[in-house]
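**Student:** Below is the structure, and that's it, no one-letter string:
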């Protein structure tokens, strides 16, 4: 009778331990993924206005924004204004946020899923008003940062703190540009750049400036904008309108850029910011609709070499020769006059 023996390959103990470790690692990863891959985002919509309208049946959107991708989910608030999004797969490359539109205004909040499901999100909305009386400027700052001798332009930066002290959201009406949140610019201003955190706001050009088309909820909201405006000669007058007034106004400029002066709001005082000397004019209590003038002097004058450089830099090739010829002929005029006078006297 034959006997058969099963021969098994001999496996070393370290190899067995490594295999067990790999199995446990995969199991832990699967378990962790099962725990964190499906998350929920919940919260409620609350109306902060007195005698407020209903927040039942509002469409709430969960935004999932990547560098090149975008997706969203939509749900509806229940009878208590609550909402929930289920079965969310967390992606660390995405930014998450929740928004709701109420009475023509967009409200929202960012949410973080990095540590699992976030705490309930509360978004406060407000009833809309269309009168600009609820809007004022808490503070306004104006910096004349630089004066370009070649282009004959002054670079300016403004920071305006728009304040809504009411329990309602200001919504621009349909009454044309005068019903918008407007900001004036000097004549010939160019290179405008505007930065604001007002949700859903757009910027449009209006007569003598620009307007922010966006709702202003209660609270303080900074609007920052930069631009450049032209000047002619060593002095110019800068005019600023304040349709919403201003609780306080600051006007600054580095000493080496230009010299500030204003008969209306007082003489500048010296200040040092970051070891750099500045001039500062401060005032407060500016009424709505007031206009203020500031004199800018000591502006750099352009030279013949600057005009040649500007022509070479900006003129198109086919117009370059005529432009240089015109500058050259203009420069020859004083010499021609002097020579003519010398011949007459001879």
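**Tutor:** Received the coordinates, thanks. None of the values given here were measured: they were computed from a predicted structure.

**Student:** contacting residues around residue 102?
**Tutor:** Going by C-beta atoms under 8 Å, 6 or more residues apart in numbering, residue 102 touches 45, 47, 55, 58, 125-126. Just so you know, the C-beta spots here come from the backbone N, C-alpha and C atoms, and that holds for glycine as well.

**Student:** In the stretch 51-200 of the chain, what residue spans correspond to strands?
**Tutor:** Secondary structure of the stretch 51-200 of the chain, counting by DSSP state E, counting those that start in this stretch: strands at 59-65, 70-76, 82-88, 95-102, 105-111, 121-125, 128-129, 135-148, 153-164, 169-170, 181-184, 190-196.

**Student:** Residue 231 is in contact with residue 298, isn't it?
**Tutor:** No. Residue 231 lies out of contact with residue 298 (C-beta atoms under 8 Å); the separation is 11.3 Å.

**Student:** what about stretch 79-90, average pLDDT?
**Tutor:** Stretch 79-90 shows a mean pLDDT of 96.

**Student:** just stretch 160-178 next, same as before
**Tutor:** Rounded mean pLDDT across stretch 160-178 is 87.

**Student:** Between its first and last residues, how far does that stretch reach?
**Tutor:** One end of stretch 160-178 to the other measures 18 Å (C-alpha to C-alpha, to the nearest Å).

**Student:** How far away from the center of its chain is that stretch?
**Tutor:** 18 Å (C-alpha atoms, centre = their mean, to the nearest Å).

**Student:** for stretch 224-234, same thing?
**Tutor:** Offset of stretch 224-234 from its chain centre (C-alpha atoms, centre = their mean): 20 Å.

**Student:** looking at the strands of the stretch 51-200 of the chain, which is closest to residue 291?
**Tutor:** strand 181-184 (9.0 Å; C-beta to C-beta).

**Student:** contacts for that closest one?
**Tutor:** Strand 181-184 is contacted from outside by 135, 158, 160, 162, 170, 172, 206, 208-214, 216, 223, 225, 240-241, 243, using C-beta under 8 Å, 6+ apart.

**Student:** related to what we said a few turns ago, kindly indicate the member of the contacts of residue 102 with the most neighbours.
**Tutor:** Highest neighbour count within the contacts of residue 102, by other C-beta atoms under 10 Å: residue 126, with 26 neighbours.

**Student:** Pull the contacting residues for it.
**Tutor:** 47-49, 52, 102, 105, 167-169, 217-218.

**Student:** List the buried residues for stretch 272-291?
**Tutor:** 278-279, 281, 286 (16 or more other C-beta atoms under 10 Å).

**Student:** Which residues does that stretch contact?
**Tutor:** By C-beta under 8 Å, 6+ apart, stretch 272-291 touches 136, 239-255, 259-260, 262, 265-271, 292, 294.

**Student:** now it: mean pLDDT?
**Tutor:** 96.

**Student:** Would you mind finding the most buried of the strands of the stretch 51-200 of the chain?
**Tutor:** strand 169-170 (a mean of 24; mean count of other C-beta atoms under 10 Å).

**Student:** Packing partners of it?
**Tutor:** Counting by 3 or more C-beta pairs under 8 Å, 6 or more residues apart in numbering; DSSP states H and E, the packing neighbours recorded for strand 169-170 are strand 128-129.

**Student:** Paired strands for the strand it packs on, with orientation please.
**Tutor:** Paired strands of strand 128-129, with direction, are strand 169-170 (parallel) (DSSP bridges).

**Student:** For the strand it pairs with, give me every contacting residue.
**Tutor:** By C-beta under 8 Å, 6+ apart, strand 169-170 touches 103, 105, 125-132, 134-135, 164, 181, 215-218.

**Student:** just stretch 156-167 next, same as before
**Tutor:** 48-50, 126, 129, 134-145, 170, 181, 183, 216-229, 244.

**Student:** Distance from it to the middle of the chain?
**Tutor:** Its chain's C-alpha centre and that of stretch 156-167 lie 13 Å apart, by C-alpha atoms, centre = their mean.

**Student:** what about the stretch 201-346 of the chain, any weak spots by pLDDT?
**Tutor:** Within the stretch 201-346 of the chain, the segments meeting pLDDT under 70 span 304-346.

**Student:** For it, which segments count as helices?
**Tutor:** Assigned by DSSP state H, counting those that start in this stretch, the helices in the stretch 201-346 of the chain fall at 304-314, 317-345.

**Student:** any idea what sits nearest residue 84, other than its immediate chain neighbours?
**Tutor:** residue 42 (4.1 Å; C-beta to C-beta, 6 or more residues apart in numbering).

**Student:** quick one on the thing from earlier: can you tell me which of the contacts of strand 181-184 are buried?
**Tutor:** Here, 16+ other C-beta under 10 Å leaves 135, 158, 160, 162, 170, 172, 209-212, 214, 216, 223, 225, 240, 243 buried among the contacts of strand 181-184.
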